[in-house]
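Novice: Pasting a predicted model and its sequence here:
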Amino acid sequence: MEREHIQVLIIGSGPAGYTAAIYAARAGLKPVLYTGGQPGGQLTTTNDVENFPGYPEGINGPQMMMDLQKQAERFGTQVRYGLVTAVDFAGYPHKLTIDENTEVVADTVIISTGATAKYLGIPSEETYANKGVSACAVCDGYFYRGKEVAVVGAGDSAAEEATYLAKLCTKVHLIVRRDEMRASKIMQQRVINTPNIEIHWNSETEEILGDDTGVTGARIVNSKTGEKKNLSVQGFFLAIGHKPNTDIFKGFIDMDETGYIKVKPGSTKTNVEGVFAVGDAADKIYRQAITAAGTGCMGALDAEKFLQAKEAVHA
């Protein structure tokens, strides 16, 4: 059976994937986008997006993703609900397996599989998701102005989130599992020098407390003494890292030690010709919808240039 041949195949459907689709479709490249296991990506778990330009009243995350999908489809993108389960980038064109049983070939591939925030794994995290539990202080901190919040983590991102929230909130409780932080010395110093951050050493979160209105507190336990303490907080922020959704590309695509895809500086090019990486799968620093969308645009333009160069060679 002949495999379907696709000019531009986009893997993933967050702001990066849909923006890449909009640009590729308008360039007449007939992109096909596979939504992945979480159509719309991380933003579908966010009720209010207030920091994306062009929405003065803010917008609901799932609605924004539907708007982007419609825009991509308007210009001719084929949006398909499916999961890319395997890739073979050893030759050219690229071979990909969809839902473990359908094979396609693609001249260019734009990877926009995103990243997933790591969670503690306690049931109350899910109960209060979007009702006080968040994995992004920059996205959601504004909603907790003048309130008390907790941050879990011990690395640079936890230190950054705590100091960011300290400017907005009356008090920040930083819950650190060990008796020291992993954060760089300068970031630790910033935390220590911020008067409204209280560090709880050797502490783990046992339960997030709340009611119909959302989070009302957190119960922490000291691993050394066994002492339990209830913190009165309205927001609970996780800063224990993200895992990029890049496992299927291992062995073909160059990544850093945590799985973020390496791209050539100033571009979205990977080490494999005709394969581009955009959004949070290649960005461990900014991780915002607007920066993801920006790289999605770059990925489509890079793919278009690549295809033009191929045509020129074969002309």
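Specialist: Happy to help now that I have it.
Novice: partner residues bridging Ile11?
Specialist: Tyr34, Ile111 (DSSP bridges).
Novice: That one and Ile111 touch, don't they?
Specialist: Yes - with contact defined as C-beta atoms under 8 Å, Ile11 counts as touching Ile111 (5.4 Å). All C-beta spots, glycine's among them, are computed from the backbone N, C-alpha and C.
Novice: List the contacts of stretch 186-202.
Specialist: 156, 159-160, 162-163, 166, 169-179, 181, 183, 220, 222-224, 229, 231 (C-beta atoms under 8 Å, 6 or more residues apart in numbering).
Novice: Let's see the PyMOL selection covering just the buried ones among those.
Specialist: Written as a PyMOL command, the selection of buried residues from these, which uses 16 or more other C-beta atoms under 10 Å, is:
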select buried, resi 156+159+160+162+163+166+169+171+172+173+174+175+176+177+181+183+220+231
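Novice: Take the contacts of stretch 186-202 and keep only those in strands.
Specialist: Lys171, Val172, His173, Leu174, Ile175, Ile220, Asn222, Lys229, Leu231 (DSSP state E).
Novice: Which member of those residues is positioned nearest Gly28?
Specialist: Val172 (50.6 Å; C-beta to C-beta).
Novice: Next, Thr19: secondary structure please.
Specialist: Classification of Thr19 using DSSP: H, G, I helix; E, B strand; the rest coil returns helix.
Novice: With Asp302 instead?
Specialist: Applying three-state DSSP: Asp302 is helix.
Novice: any idea how the chain splits into domains?
Specialist: Per the TED database, the domain ranges recorded for the chain read 4-116+242-314, 119-238.
Novice: okay if I get those domains as JSON lines plus mean pLDDT?
Specialist: Formatted as JSON lines, those follow (pLDDT from 0 to 100):
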{"stretch": "domain 4-116+242-314", "mean pLDDT": "94"}
{"stretch": "domain 119-238", "mean pLDDT": "95"}
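Novice: helices or strands up against the helix or strand hosting Val79?
Specialist: Using DSSP states H and E, Val79 sits within strand 78-80. When contacts are defined as 3 or more C-beta pairs under 8 Å, 6 or more residues apart in numbering; DSSP states H and E, strand 78-80 packs onto strand 32-34, helix 61-74.
Novice: And Asp179, how close does it get to Ile199?
Specialist: With distances taken as C-beta to C-beta, to the nearest Å, Asp179 is found 10 Å from Ile199.
Novice: follow-up on the earlier one: between Ile11 and Ile111, who's got more neighbours?
Specialist: Remark: of Ile11 and Ile111, Ile111 carries more neighbours, 32 against 28, as counted by other C-beta atoms under 10 Å.
Novice: Pull the contacting residues for that one.
Specialist: Here Ile111 is in contact with 11-12, 246, 249, 253, 261, 270, 275-278, 281-282 (criterion: C-beta under 8 Å, 6+ apart).
Novice: Just the ones of those residues in strands?
Specialist: Ile11, Val275, Phe276, Ala277.
Novice: re earlier: mean neighbour count, the domains of the chain: which tops it?
Specialist: domain 4-116+242-314 (a mean of 19; mean count of other C-beta atoms under 10 Å).
Novice: for it, the distance to its chain's centre please.
Specialist: Here domain 4-116+242-314 shows a centroid-to-chain-centroid distance of 12 Å under the convention C-alpha atoms, centre = their mean, to the nearest Å.
Novice: hang on, the earlier thing: closest to Lys310 out of the helices and strands packed on strand 78-80?
Specialist: strand 32-34 (18.1 Å).
Novice: after the closest one comes which helix or strand?
Specialist: Using DSSP H and E, the helix or strand that follows strand 32-34 in sequence is strand 48-49.
Novice: Name the strands paired with that following strand and say parallel or antiparallel.
Specialist: In the sheet, strand 48-49 lines up with strand 59-60 (antiparallel) (DSSP bridges).
Novice: And the contacts of the strand it pairs with?
Specialist: Here strand 59-60 has contacts from Asn47, Asp48, Val49, Phe52, Asp67, using C-beta under 8 Å, 6+ apart.
Novice: Any chance of those in JSON lines with distance to Ala21 as columns?
Specialist: Shown next, in JSON lines, are these (distance: C-beta to C-beta, whole Å):
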{"residue": "Asn47", "distance to Ala21": "25"}
{"residue": "Asp48", "distance to Ala21": "25"}
{"residue": "Val49", "distance to Ala21": "19"}
{"residue": "Phe52", "distance to Ala21": "17"}
{"residue": "Asp67", "distance to Ala21": "13"}
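Novice: Show the subsequent helix or strand relative to the helix or strand containing Ala106.
Specialist: Per DSSP H and E, Ala106 falls inside strand 102-111. Counting by DSSP H and E, the next helix or strand C-terminal to strand 102-111 is strand 115-117.
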